[in-house]
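Peer 1: Fold the stuff below for me.
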Amino acid sequence: MGTAFRVFWAALKDYYEEMFRLVGANLLWLLAIPLVVTLPPATAGMFYLANQVAHHKSVELGMFFEGFRKYFVKSWLWVLLNVGVLLVLYVNLVFYGERVGGQLGSIVQGLFVGLGVMWCLIQLYVFPMLLEQQEPRLLLALRNAALMAFASPIATLLLGVLLAATTVLSLVLALPFAVALMAIVALAANEAVLLLLVQFGIRKPPEETEA
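Peer 2: Below you'll find the predicted structure:
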């Protein structure tokens with residue numbers, strides 16, 4: 001449980017320290033939404049910039065555009081994969097809801113809802129894992145993200161709840177949505193992956209890396 005709060009606090013701290021550049025990147029991400037075709041690579045650009053911040057590197061707004069260009073294709077493959085999986089889950093949800101009645105039908109529908117939630121939680125780790133891998137392969141990142149989520153289910157679920165609450169609050173207040181939401185989500189996802197990699201013994205702690 002402490003892991004999720006530690007990650008969320010680190011994301012807020014990262015945002016505060018690099019606010020000027022992250023506000024600019026978040027506004028660029030917001031402008032990409034109406035164009036649709038630019039939204040996936042803009043999201044990749046945000047994850048890429050947030051990854052540099054999470055590594056405590058010197059960052060520039062141009063890194064957003066670097067990630068946008070570098071991961072344009074992979075970001076769209078990621079989106080299409082998500083659309084496909086969620087569509088299959090939705091079709092099964094409707095199908096079993098109509099064909100199987102009573103308590104059994106509700107149980108089956110609950111199963112597919114649970115699978116959908118699990119799938120969405122796993123996606124938090126996919127792009128950060130892609131950025132950390134020596135081989136930037138999407139399916140490998142998806143597998144590693146799933147393993148990470150299942151190895152730390154409580155932290156992953158709680159982080160998802162914190163980010164969902166942040167999203168709702170940002171939408172209600174409007175201004176945080178415009179200048180902070182996607183930046184904080186991307187920062188939290190990257191911080192979570194880096195911290196869990198340390199906890200799993202795959203990555204050295206930052207102080208050892210610097211030494």
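
Peer 1: All the helices of the chain, residue numbers only.
Peer 2: 2-17, 19-32, 39-54, 62-70, 72-99, 102-132, 138-151, 153-173, 175-179, 181-199, 206-210 (DSSP state H).

Peer 1: Make JSON lines out of those helices and add mean neighbour count and mean pLDDT.
Peer 2: The way it works is simple: take the backbone N, C-alpha and C, and place the C-beta from them, glycine included. Below are those laid out as JSON lines (neighbours: other CB atoms under 10 Å; pLDDT from 0 to 100):
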{"stretch": "helix 2-17", "mean neighbour count": "17", "mean pLDDT": "94"}
{"stretch": "helix 19-32", "mean neighbour count": "18", "mean pLDDT": "95"}
{"stretch": "helix 39-54", "mean neighbour count": "25", "mean pLDDT": "97"}
{"stretch": "helix 62-70", "mean neighbour count": "18", "mean pLDDT": "96"}
{"stretch": "helix 72-99", "mean neighbour count": "14", "mean pLDDT": "91"}
{"stretch": "helix 102-132", "mean neighbour count": "17", "mean pLDDT": "90"}
{"stretch": "helix 138-151", "mean neighbour count": "18", "mean pLDDT": "95"}
{"stretch": "helix 153-173", "mean neighbour count": "16", "mean pLDDT": "94"}
{"stretch": "helix 175-179", "mean neighbour count": "15", "mean pLDDT": "87"}
{"stretch": "helix 181-199", "mean neighbour count": "24", "mean pLDDT": "95"}
{"stretch": "helix 206-210", "mean neighbour count": "9", "mean pLDDT": "56"}
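
Peer 1: Show the contacting residues for the residue most central in space within the chain.
Peer 2: Per CA atoms, centre = their mean, the C-alpha nearest to the average position across the chain is that of Leu124, at 2.8 Å. Residues counted as contacts of Leu124 (CB atoms under 8 Å, 6 or more residues apart in numbering) are 145, 149, 156, 159-160, 163, 188-189, 192.

Peer 1: As a markdown table, the residues you listed with distance to Pro40 would be great.
Peer 2: What follows is those, written out as a markdown table (distance: CB to CB, whole Å):
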| residue | distance to Pro40 |
| --- | --- |
| Ala145 | 17 |
| Ala149 | 21 |
| Thr156 | 23 |
| Leu159 | 22 |
| Gly160 | 21 |
| Leu163 | 19 |
| Ala188 | 19 |
| Ala189 | 15 |
| Ala192 | 21 |
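
Peer 1: Closest to Glu98 out of the residues you listed?
Peer 2: Nearest to Glu98 among these is Gly160, at 29.2 Å by CB to CB.

Peer 1: contacting residues for that closest one?
Peer 2: So Gly160 contacts 117, 120-121, 124 (CB under 8 Å, 6+ apart).
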